[in-house]
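1. Prediction below, plus the sequence it came from.
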Amino acid sequence: FLAFGYSFSIKMIIRQFMPTILGTNWFVTTYLIFYTIHPYINRVIHSISQREHLCINLVLFVFYCIGALIKGSLLYFNKLLGFIVLYSFVAYMKKYMKTFTESKKANTGLLAISIVRLLLMILLTNAMGIYIPFLRNRVTLWCKFWNPVIIAIAISAFNLSSAKVYSNKTVNYLSSISLLVLCFHANPLVLL
C-alpha cells in the first residue's frame, strides 16, 4: 500500500498488524480472552454441587438474559460475560442433562418452538409498534444473543448437530483457515 502512494498513521499501521487484539474482530478477541480463563471456570464448575450450579445459572439467567432483554443498560453486560453465562448453561446441560442433550425429539421440539416464538416476538412487536411508540424500534432488542429464545435455538441446534459426526475434507480445510481469512477480510487497510 505504501508503494502505491498511500500514507498511513502509525496508529493505522499498528491496527493493521493486530486487528484481533485491537477489537477489529470483537468476537475473536472475546473468544481468545475467554479461552484463557475457561480452565478456571471449569475448576469452579467441577467443585460445586449440582444444586449450586443450578442456582448460579438461575441467577445468571434472571439477571443477564431476562434482565438484559428487558433493560439492556440495567446491568453491566459485555460479550465476555455473555460467553461465561452461556458456557455455564451448556456445562450444566452436559454434566446433568445428558438425556436431554442426546434426545433428537426433545431438541427438535425445542428448536421448532423457539423459532416460532422468536418469529412471533418479532411480528407482534412490529404490529404493536404501529400503535405504541415505545415499541417502534424494539425488534432489534429481540435479536441479541442473550435473548433466552435465541439461546434455546442455539443450544437445541448445537445438540442436534453434535449428535452426528461430520467429516468433509474441504470444509475442514476451509474452517482451518477461516481465522486467517477473517483477519485479512477485517483488516483496516483492505477495507480502504
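-> Arrived safely. Computed from a predicted structure; not experimentally measured.

2. Find the residue at the geometric middle of this structure.
-> Per Cα atoms, centre = their mean, the C-alpha nearest to the average position across the chain is that of F145, at 5.4 Å.

3. tell me the SS of that one?
-> coil (DSSP: H, G, I helix; E, B strand; the rest coil).

4. That one: what's its closest spatial neighbour, skipping adjacent residues?
-> Closest residue to F145 apart from its sequence neighbours, by Cβ to Cβ, 6 or more residues apart in numbering: G82 at 6.2 Å. In this view, the C-beta of every residue, glycine as well, is placed from N, C-alpha and C.

5. any chance you could map the helices in the chain?
-> In the chain, the segments counted as helices under DSSP state H are 10-17, 26-47, 50-61, 67-70, 79-96, 98-102, 104-129, 139-142, 148-162, 169-176, 178-185.

6. Now distance to L2 and mean neighbour count too, for those helices, in a markdown table please.
-> Putting those into a markdown table (distance: least, Cβ to Cβ, whole Å; neighbours: other Cβ atoms under 10 Å) gives the following:
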| stretch | distance to L2 | mean neighbour count |
| --- | --- | --- |
| helix 10-17 | 9 | 13 |
| helix 26-47 | 26 | 13 |
| helix 50-61 | 49 | 14 |
| helix 67-70 | 45 | 16 |
| helix 79-96 | 34 | 17 |
| helix 98-102 | 53 | 13 |
| helix 104-129 | 47 | 14 |
| helix 139-142 | 40 | 14 |
| helix 148-162 | 43 | 17 |
| helix 169-176 | 31 | 9 |
| helix 178-185 | 18 | 12 |
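
7. could I get those helices as CSV with distance to F4 and mean pLDDT?
-> Conversion of these to CSV gives the following (distance: least, Cβ to Cβ, whole Å; pLDDT from 0 to 100):
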stretch, distance to F4, mean pLDDT
helix 10-17, 15, 70
helix 26-47, 28, 86
helix 50-61, 51, 94
helix 67-70, 46, 74
helix 79-96, 36, 90
helix 98-102, 54, 92
helix 104-129, 46, 92
helix 139-142, 40, 74
helix 148-162, 44, 91
helix 169-176, 30, 83
helix 178-185, 18, 68
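
8. could those helices go into JSON lines alongside distance to A3?
-> JSON lines is the format used below for these (distance: least, Cβ to Cβ, whole Å):
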{"stretch": "helix 10-17", "distance to A3": "14"}
{"stretch": "helix 26-47", "distance to A3": "29"}
{"stretch": "helix 50-61", "distance to A3": "52"}
{"stretch": "helix 67-70", "distance to A3": "48"}
{"stretch": "helix 79-96", "distance to A3": "37"}
{"stretch": "helix 98-102", "distance to A3": "54"}
{"stretch": "helix 104-129", "distance to A3": "49"}
{"stretch": "helix 139-142", "distance to A3": "43"}
{"stretch": "helix 148-162", "distance to A3": "45"}
{"stretch": "helix 169-176", "distance to A3": "31"}
{"stretch": "helix 178-185", "distance to A3": "18"}
